[in-house]
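>>> Take this sequence and fold it.
(2 chains)
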Amino acid sequence: MIQRPYVFFAWFVSLVAMFGSLFFSEVMKLPPCVLCWYQRILMYPLVLILAVGWLLKDRNLFWYAFPLAIGGWLISIYHNLLYYGVIADSIIPCTEGISCTSRQIEWFGFLTIPLMSHAAFKLIGILLLIERRKGRSSA
Amino acid sequence: MKNKRNIFILIATIFVVWAVFGLVTHFYESKKAAEESPSVEADKSRLIRDDSWSQGPSVAKVTVVEFLDPECESCAAMYPIVKDVLAGFGGKVRLVTRYMPFHGNSVYAATALEAAGRQNKYWEALALLFEKQAEWASHHAPRPDLIPNYMKSLGIDMKQFEVDLKDPKFKEKIDRDKADGMALGVRATPTFFINGQVLSELGYDAFKNRIDEELGK
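Next up is the predicted model:
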């Protein structure tokens, strides 16, 4: 059995998110918008932090990883609100390059890049919270 | 012992995800290549338009179509290379330029180029805008207001230039170029089509070698 499976799974999600985002930008050549970059900044370190924390069985891992997940989650909420037109276009912080509301991918009619990012951050955050709760009750 | 097992699990997982990434990339690229080759052939009409700027013989064995943005730094960096390489082929290669405006003042600069072109100064104006790009297209303090000064230095009739700048035909041409570029899969500038095939690598050698290959066919 895999030890601390929630941490492991959170790491797995971040790994898939990293490869996925690299696939969109490097293989499909879709330029990342500014908000995508901010989310990448928070997602990529999670791949390393969660892996090392899981290996070392670090009890404090939650405190290193959770702020990144929450930060990414908040940005992804803002991104999705812009993307789906809940917040007006005029306050988009992108002035150059690709717009944060450009619809580049819509799989199965609903699955967009900002939605996938949001799901990944949310999942990582929830898994870390579960792990923390379990860690506390077993301590 | 247990940690060794965990390291193995981590590495194996990375390997599996990486392998999936590689497989998906492979399938995506082969699918794209299969889709693209006939469409570029079919879309040849979108590659060169009757009013596109062109240098060199229209019956040249090799035609280079460059999608460029006057405000793009890589385009400015590539331009002397393009000129140098083409000069080396001594008029055997045709160069066609198209607009792909991606920056804040690109459309204005392209309109100025069109207005200069109406006075037969297109190529001089293009070379000058690239040469002076650092002045007028700085990221932090762009100075598009400098463009008319450059045009003046080329001996352009400024009264006519100002009138021509407002010609809606230029905007239509630039928009159509961009739409053509998007349809042809242009997502970055400069993008070169050498006899209809995209040049995947930029630089002196890559550019020259591809033309050599095409001339040798």
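>>> Off-centre distance for stretch B:190-210?
Relative to its chain's centre, stretch B:190-210 lies at 10 Å (Cα atoms, centre = their mean, to the nearest Å).
>>> likewise stretch B:161-171?
The answer for stretch B:161-171 is 23 Å, by Cα atoms, centre = their mean.
>>> Residues in contact with that stretch: which ones?
B:107, B:110-112, B:114-116, B:118-119, B:148, B:151 (Cβ atoms under 8 Å, 6 or more residues apart in numbering or on different chains). Placement of C-beta: from N, CA and C, glycine included.
>>> hmm, which two among those residues are most spread apart?
Pairwise distances among the contacts of stretch B:161-171 were taken by Cβ to Cβ; the largest, 19.7 Å, belongs to B:107 and B:119.
>>> Now for residue B:113, how many residues are close by?
By the criterion of other Cβ atoms under 10 Å in any protein chain shown, residue B:113 has 25 neighbours.
>>> swap in residue A:132?
So residue A:132, with other Cβ under 10 Å, has 17 neighbours.
>>> Could you say which helix or strand holds it?
Counting by DSSP states H and E, the element that carries residue A:132 is helix A:113-138.
>>> and chain B, which of its residues are near chain A?
Selection of chain B residues close to chain A by Cβ under 8 Å from any Cβ of the partner chain yields B:2-3, B:6-7, B:9-10, B:13-14, B:17-18, B:20-21, B:24-25, B:28-29, B:102-104, B:187-188.
>>> Buried among the residues you listed? Need that as a selection in ChimeraX.
The ChimeraX selection below is limited to those of those classed as buried (16 or more other Cβ atoms under 10 Å in any protein chain shown):
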select /B:6,10,13,14,17,21,25,102,103,187
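>>> Among the residues of chain B next to chain A, which lie within helices?
B:2-3, B:6-7, B:9-10, B:13-14, B:17-18, B:20-21, B:24-25, B:28-29 (DSSP state H).
>>> Which pLDDT value goes with the residue nearest in space to the middle of chain A?
What sits nearest the mean C-alpha location of chain A, by Cα atoms, centre = their mean, is residue A:121, with 3.6 Å. What the model reports for residue A:121 is a pLDDT of 97.
>>> quick one: it and chain B, what's the gap?
Plainly put, residue A:121 is 18 Å away from chain B if you go by Cβ to the nearest Cβ, to the nearest Å.
>>> ok, that residue touching residue A:39?
Yes. In this structure, residue A:121 is within contact of residue A:39 by Cβ atoms under 8 Å, at 7.5 Å.
>>> Now for these two: what residues contact both?
A:72, A:76.
>>> which bits of chain A sit near chain B?
A:2-3, A:8, A:11-12, A:15-16, A:19, A:22-23, A:27-31, A:51, A:54-55, A:95-97.
>>> PyMOL command for the buried members of these?
Filtering the residues of chain A next to chain B down to the buried ones (16+ other Cβ under 10 Å) takes a single PyMOL command:
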select buried, chain A and resi 8+11+12+15+16+19+23+30+51+54+55
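>>> one step back: among the contacts of stretch B:161-171, which are located in helices?
Short answer: those in helices (DSSP H) are B:107, B:110-112, B:114-116, B:118, B:148, B:151.
>>> sorry, back to before: next step: the residues of chain A next to chain B restricted to helices.
A:8, A:11-12, A:15-16, A:19, A:22, A:51, A:54-55.
>>> Mind picking the one among these that's closest to chain B?
In terms of Cβ to the nearest Cβ, no member of those lies closer to chain B than residue A:19, at 4.6 Å.
>>> can you confirm residue B:96 is in a strand?
Yes. According to DSSP: H, G, I helix; E, B strand; the rest coil, residue B:96 belongs to a strand.
>>> Looking at strand pairing, list the partners for it.
Following DSSP bridges, residue B:96 is listed with bridge partners residue B:54, residue B:65.
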